[in-house]
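# Quick one: sequence and predicted model below, then my questions.
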Amino acid sequence: MMQHRSAAYCRVLLLLCAMCVTAEAHAQPVRNVWEARDLVEVITLDSTIHLDIRYATAKNFMGRQMYPTARAFLQRPAGEALVRAHKSLRRAGYGLLVFDGYRPWRVTKQFWDETPPALRKFVASPVKGSKHNRGCAVDLSLYDLKSGREVEMPTPFDEFSPRAAGSYQGGTPQQRRMRSLLRTAMLAEGFTAEPSEWWHFDYRDWRRYPVLDVPFDSLPAVPR
């Protein structure tokens, strides 16, 4: 009888644990502006970092404007690390060109809902939220300091194909060299590279930050 009770007790505990995990996985993101207080606008840290915020335009895989304004935010430690990478690249004649940073959770959900299942490996599940939602992921490329033009990489930003992988050996030698230069600078400052997207980097301390769903227009404006 004691063994049966112990087994039943264990089953109840396992069920409760499973319920807790499920509840946590489906928890709603933080919408309180106070929780986003450490997000900083990238250009306030270094105005020589260039922006090309694709989701503020129709030039993205969704084919329409997803952000109301062209702004890029990161958690402050991630932003400061980005600036260090930018300064290291200047010695080689290049600068950083940012496509995206912090992304409100509601946009991630739109991506997921409208992406065909076969391509969902390229977008984050809204169940857990993404590192972009935490302000700890950045999509970016390089620009040439002399011309101000974006450099050529093996693929354009947001191309959902095997060619976008960081290990892709196609393209030209110069394109692969630029990809490697970007990767080296970012890894040196505490970012990790997303294997399937040469442009995507995650800051090492992303687990410390909550999933956020704070709209851009609720975040502080750049001082004029």
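Structure's in. What do you need?

# how far away is the residue nearest in space to the middle of the chain from R76?
The residue lying closest to the centre of the chain (CA atoms, centre = their mean) is A137, at 2.9 Å. Distance of A137 to R76, computed by CB to CB, to the nearest Å: 15 Å. All C-beta spots, glycine's among them, are computed from the backbone N, C-alpha and C.

# next one: M153
According to CB to CB, M153 stands 28 Å off from R76.

# of the two, who's got more company?
Comparing M153 with R76 by other CB atoms under 10 Å, the one with more neighbours is M153, at 21 against 14.

# Spit out the contact partners of that one.
141, 171, 175, 178-179, 198-199 (CB atoms under 8 Å, 6 or more residues apart in numbering).

# Restricted to strands, list these.
Judged by DSSP state E, strands contain the following of those: S141.

# any idea which of the contacts of M153 is closest to S47?
S141 (18.1 Å; CB to CB).

# Assess the claim that the closest one and R149 are in contact.
No - using CB atoms under 8 Å as the test, S141 is too far from R149 to be in contact (10.9 Å).

# Count the residues that sit near K131.
If you count neighbours by other CB under 10 Å, K131 ends up with 23.

# and the gap between it and T172?
30 Å.

# sorry, back to before: quick check: closest non-adjacent residue to the residue nearest to the centre of the chain.
Counting by CB to CB, 6 or more residues apart in numbering, K131 is the residue found nearest to A137 once chain neighbours are left out, at 3.8 Å.

# got it, and R163?
Distances taken as CB to CB, 6+ apart put T155 closest to R163, at 4.8 Å, once the chain neighbours are dropped.

# now do T57
Q65 (6.1 Å).

# Report the contact partners of that neighbour.
Residues in contact with Q65 (CB under 8 Å, 6+ apart) are 55-58.

# any idea which helix or strand carries it?
Using DSSP states H and E, no element contains Q65; it sits outside every helix and strand.

# Any regions of this structure where pLDDT drops low?
Applying pLDDT under 70 to the chain flags residues 1-28, 32-36, 222-224.

# where do the helices sit along it?
When secondary structure is read from DSSP state H, the chain shows helices at 2-25, 42-45, 76-90, 105-114, 173-187.

# Counting neighbours, which bits of the fourth one end up buried?
The one in question is helix 105-114. 105, 107-111 (16 or more other CB atoms under 10 Å).

# Columns distance to P29 on top of those residues, output as CSV?
Formatted as CSV, the buried residues of helix 105-114 follow (distance: CB to CB, whole Å):
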residue, distance to P29
W105, 4
V107, 11
T108, 9
K109, 9
Q110, 14
F111, 14
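
# and which of those is nearest F160?
Distances from F160 to these, taken by CB to CB, are shortest for F111, at 11.3 Å.

# List the contacts of the closest one.
F111 sits next to 62, 123-124 when contact means CB under 8 Å, 6+ apart.

# Quick check: PyMOL command selecting the buried ones in those.
Buried residues among the contacts of F111 (16+ other CB under 10 Å), as a PyMOL selection:
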select buried, resi 62+123+124
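
# any idea how far S180 lies from Y168?
Counting by CB to CB - S180 and Y168 are separated by 12 Å.

# what about these two, which has more around it?
Counting neighbours by other CB under 10 Å for S180 and for Y168 shows that Y168 has the greater number, 17 against 12.

# Now do the same contact list for the residue lying closest to D100 once chain neighbours are set aside.
Once flanking residues are discounted, D100 sits nearest to D139: 4.2 Å by CB to CB, 6+ apart. Contact analysis of D139 by CB under 8 Å, 6+ apart lists 98-101, 157, 197, 199-201.
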